[in-house]
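Undergrad: below: sequence and its predicted model.
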Amino acid sequence: MKLKITNLTKHTGVKVENFDCSKRISSDIFLDIKNLIQEKHFICFKSQSIDEESLVNFTRNFGNLETYPEKDKTKGKIEIFNVSNISSEGIHLNEEDPRVVLQKNNSRWHTDSSYRYYPALFSILYGKEVLPRVASGGQTQFSNMLLAYENLPESKKRLLEPLHQVHSYNDIRRIEPSLPELSYEEKSNFPPVTHPVIRVHPDRQNKKSLFFTSNTSLEIGGMSLKEGRDLHSWLVNYVQNPKFCYTHQWEPNDLIMWDNRVLLHRVIPYNYTKFRRAMIRGTVEGTSPVFGPFSNI
Ligand code: OGA
Ligand code: MN
């Protein structure tokens, strides 16, 4: 079988229209998918019919699954992240509900689980309930960090080269103070980590990309608070340049997969009270720390 593939932009993303992700995958198809994600960083598999079990099974093809970092707050499988403003009983949650506040935090450019020493490799997200096309917002937007790095002025590349950012799961509470406190155990499981802002990719002939987030911190380290915030804002503004981006307009039953090492993503905010949006996510664990320009690779 040959995958039917269409490019979504020149640099990022393909659509696959003739593959059923709920079935066992052959080694040929597995290799095709691995190559596609390596080259285009994003795949949308159209017209899927996925439940928690088939999402876990599909995700497991690519590695171990991350588990949700907070205890007993998910119903169902611990490997499934509910990316949703709907409770597991199907009730539309109000805007102040912590589960909805977390969705709002997803509208800041980020890369998944950067608060881990080995951040996530791939995220795989299935749209169970998506916004109607006429609604504003609800798309998932991606920005290509290889391209963003390439297009940086030389002076900015030099400035960023030695810098790190602190990534801390607990710091989501600093940005969204209405969220309930984490337990001592949850905090201790995820102490803050630092990652280089310029990431080096050994699987791409040591090519470089930008690597930062704005869902757990709003500053870059190694300088004064003001300078760190100004530089962070500059980066956030820089990566949303449409020439680096692909915006995914959801259709029901899309299953999307992206490479967190080279893409940032965010949800475009929508009217959380008016519209239901329910997705489930499987996440493939990283297999190495983030290497930077001064790492011993
Ligand atoms: C995620 C995420 C964006 C969205 O699941 O990691 O950031 O569009 N989702 O819901
Ligand atoms: Mn995310």
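TA: Sure, I can see it. Numbering: from 1, shown residues only. Ligands and ions are numbered 1, 2, ... in the order given.

Undergrad: how about the residues of the stretch 101-250 of the chain near ligand 1?
TA: Asn106, Asp112, Ser123, Leu125, Thr140 (C-beta under 6 Å from any ligand atom). (Each C-beta comes from the backbone N, C-alpha and C, glycine too.)

Undergrad: now those residues in a markdown table, with pLDDT, secondary structure and neighbour count?
TA: Listed next are those as a markdown table, based on pLDDT from 0 to 100; DSSP: H, G, I helix; E, B strand; the rest coil; neighbours: other C-beta atoms under 10 Å:
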| residue | pLDDT | secondary structure | neighbour count |
| --- | --- | --- | --- |
| Asn106 | 97 | coil | 16 |
| Asp112 | 98 | coil | 26 |
| Ser123 | 98 | strand | 23 |
| Leu125 | 98 | strand | 23 |
| Thr140 | 98 | strand | 22 |
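
Undergrad: please enumerate the helices of the stretch 101-250 of the chain.
TA: For the stretch 101-250 of the chain, the helices defined by DSSP state H, counting those that start in this stretch occupy 145-150, 154-160, 172-175, 184-189, 225-239.

Undergrad: using a markdown table, lay out those helices together with mean neighbour count and mean pLDDT.
TA: As requested, the helices of the stretch 101-250 of the chain are exported to a markdown table (neighbours: other C-beta atoms under 10 Å; pLDDT from 0 to 100):
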| stretch | mean neighbour count | mean pLDDT |
| --- | --- | --- |
| helix 145-150 | 20 | 98 |
| helix 154-160 | 13 | 98 |
| helix 172-175 | 16 | 96 |
| helix 184-189 | 12 | 94 |
| helix 225-239 | 15 | 98 |
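
Undergrad: make a markdown table out of those helices and add distance to Lys77.
TA: Formatted as a markdown table, these follow (distance: least, C-beta to C-beta, whole Å):
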| stretch | distance to Lys77 |
| --- | --- |
| helix 145-150 | 30 |
| helix 154-160 | 39 |
| helix 172-175 | 22 |
| helix 184-189 | 19 |
| helix 225-239 | 32 |
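
Undergrad: now do the phi/psi pair for the nearest residue to Arg173 once chain neighbours are set aside.
TA: Leaving aside its sequence neighbours, Arg173 sits nearest to Leu179 (C-beta to C-beta, 6 or more residues apart in numbering; 5.2 Å). Phi and psi for Leu179, reported as degrees, to the nearest 10, are phi -70, psi 140.

Undergrad: wait, doesn't Leu179 sit right on Gln103?
TA: No. Counting by C-beta atoms under 8 Å, Leu179 sits too far from Gln103 to count as a contact (11.9 Å).

Undergrad: of these two, which one has the most company?
TA: Between Leu179 and Gln103, counting by other C-beta atoms under 10 Å, Gln103 is the more crowded of the two (22 against 16).

Undergrad: you'd agree the more buried one is up against Asn82?
TA: No. With contact defined as C-beta under 8 Å, Gln103 does not count as touching Asn82 (9.6 Å).

Undergrad: what's across from Leu264 in the sheet?
TA: Following DSSP bridges, Leu264 is listed with bridge partners Ser143.

Undergrad: list the contacts of it.
TA: Counting by C-beta atoms under 8 Å, 6 or more residues apart in numbering, Leu264 makes contact with Trp109, His110, Thr111, Phe142, Ser143, Met145, Phe212, Thr213, Val239.

Undergrad: same thing with Cys44?
TA: Leu8, Gly13, Val14, Lys15, Val16, His248, Asp254, Leu255, Ile256.

Undergrad: tell me the spacing between the first one and ligand 1.
TA: Taking C-beta to the nearest ligand atom, to the nearest Å as the criterion, Leu8 is separated from ligand 1 by 16 Å.

Undergrad: ok, the fifth one next?
TA: For Val16, the distance to ligand 1 (C-beta to the nearest ligand atom) stands at 19 Å.

Undergrad: next up, the contacts around that residue.
TA: Each residue near Val16 by C-beta under 8 Å, 6+ apart is listed here: Leu3, Lys4, Ile5, Leu36, Ile43, Cys44, Phe45, Lys46.

Undergrad: tell me the bridge partners for the residue lying closest to Leu146 once chain neighbours are set aside.
TA: Nearest non-adjacent residue to Leu146, counting by C-beta to C-beta, 6+ apart: Ser209, 4.6 Å away. According to DSSP bridges, the partner residues bridging Ser209 are Arg199.

Undergrad: swap in Val284?
TA: Residues in beta-bridge contact with Val284 (DSSP bridges): Leu65.

Undergrad: tell me the spacing between Asp171 and ligand 1.
TA: From Asp171 to ligand 1 the distance is 17 Å (C-beta to the nearest ligand atom).
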